[in-house]
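> When you get a sec, could you give me coordinates for this:
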Amino acid sequence: MRVLVEPVKHLQPGKAQVYLRPEANRLLERAIAIHGAPIYPTGSRSAGRTYADQLLLWERYQAGGPVASHPDTGPRPHMRFGALDISDEGARRAMLRAGWLATESSEWWHFEHPDCRDWPIVTDPYTADGGLTRRSTSVTLYYCTTTDKPSTRESPQPIQMYALAGESPGTSANWLETNSASVATGWASAHGSAVFLTRSSFAAFRDRYLEPLRIAGGTAGDDGEVLTALAQVPAKTVDELKARL
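Model prediction:
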């Protein structure tokens, strides 16, 4: 769902901007007033999270990292842009007095807006000033498993392919495949949301809607080259896309 979000005002030096729904941002400002000092998020994925953000954290958890839920299961408060992980344990009392809920007993840093679990999952966040508006070449990240079984916390499936797709069906339809997780997640964060597909479902989607561009690995610094290549691929018309169904 497309939802208005706002940037969190107080960040530690050098930290990336993070976003919350306006209701959560107001509650954070109330906590800061009670605390009498800024309350900082812990990092780039400490407030609202895209599907790509949550899946990346879950993959790290599978590899032995900190606990993180799969983006398709559980309450997912961060994906509703209503949860915040704070860096200062001394601000806990102010957060609670302001009305935040401490919902994870093993995570002192995690707080949720009391209504956030009733909010929809945010698939397309945007800001009033256009700060999160997608660029002219919109890109979506597709995670593909090596099997046709869905990947779950109880039964994780290995991920083999990362694909970056161009405009929605009915407009220009370009795609880029890459086996580089850093490229895929970086592009997804910059250009669009993410969809998790099985191997065969991605193949069907690609065959129906997407015009092949190239196979690539590379690094997250390839943005300029990729944008140039995408711009050179002719756009597919609606009729051409329908003919492929």
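> List the contacts of the residue nearest to His78 when sequence neighbours are not counted.
Spatial nearest neighbour of His78, excluding adjacent residues (CB to CB, 6 or more residues apart in numbering): Arg49 at 4.2 Å. Any C-beta I mention is one placed from the backbone N, CA and C, and that applies to glycine too. By CB atoms under 8 Å, 6 or more residues apart in numbering, the residues touching Arg49 are Leu57, His78, Met79, Phe81.
> Chain neighbours aside, what residue packs nearest to the last one?
In this case it means Phe81. Taking CB to CB, 6+ apart as the measure, Phe81 lies nearest to Gly48, with 3.4 Å between them; neighbours along the chain are not counted.
> which residues touch the lengthiest helix in the chain?
With residue count as the measure and DSSP state H as the assignment, the chain has helix 22-35 as its longest helix. Identification of contacts with helix 22-35 by CB under 8 Å, 6+ apart yields 4-6, 8-10, 20, 38-39, 47, 81-84, 91, 94-95, 97-100, 113, 115-116.
> next helix or strand past it?
Helices and strands here follow DSSP states H and E; after helix 22-35, the next one along the chain is helix 51-62.
> Just the CA trace of that following helix, in CSV.
Below are the C-alpha coordinates for helix 51-62, written out as CSV (Å, rounded to 0.1, in the frame of the first residue of the first chain):
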residue,chain,number,x,y,z
TYR,A,51,10.3,-5.9,2.1
ALA,A,52,13.9,-5.9,0.8
ASP,A,53,15.2,-4.6,4.2
GLN,A,54,13.3,-7.2,6.2
LEU,A,55,14.3,-10.1,3.9
LEU,A,56,17.9,-9.1,4.1
LEU,A,57,17.8,-9.1,7.9
TRP,A,58,16.0,-12.5,7.8
GLU,A,59,18.7,-13.9,5.5
ARG,A,60,21.4,-12.7,7.9
TYR,A,61,19.5,-14.3,10.8
GLN,A,62,19.5,-17.6,8.8
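> Give the next helix or strand downstream of it.
Reading on from helix 51-62 to the C-terminus, the next helix or strand found by DSSP H and E is strand 83-85.
> what lines up beside that following strand in the sheet?
strand 110-112 (antiparallel) (DSSP bridges).
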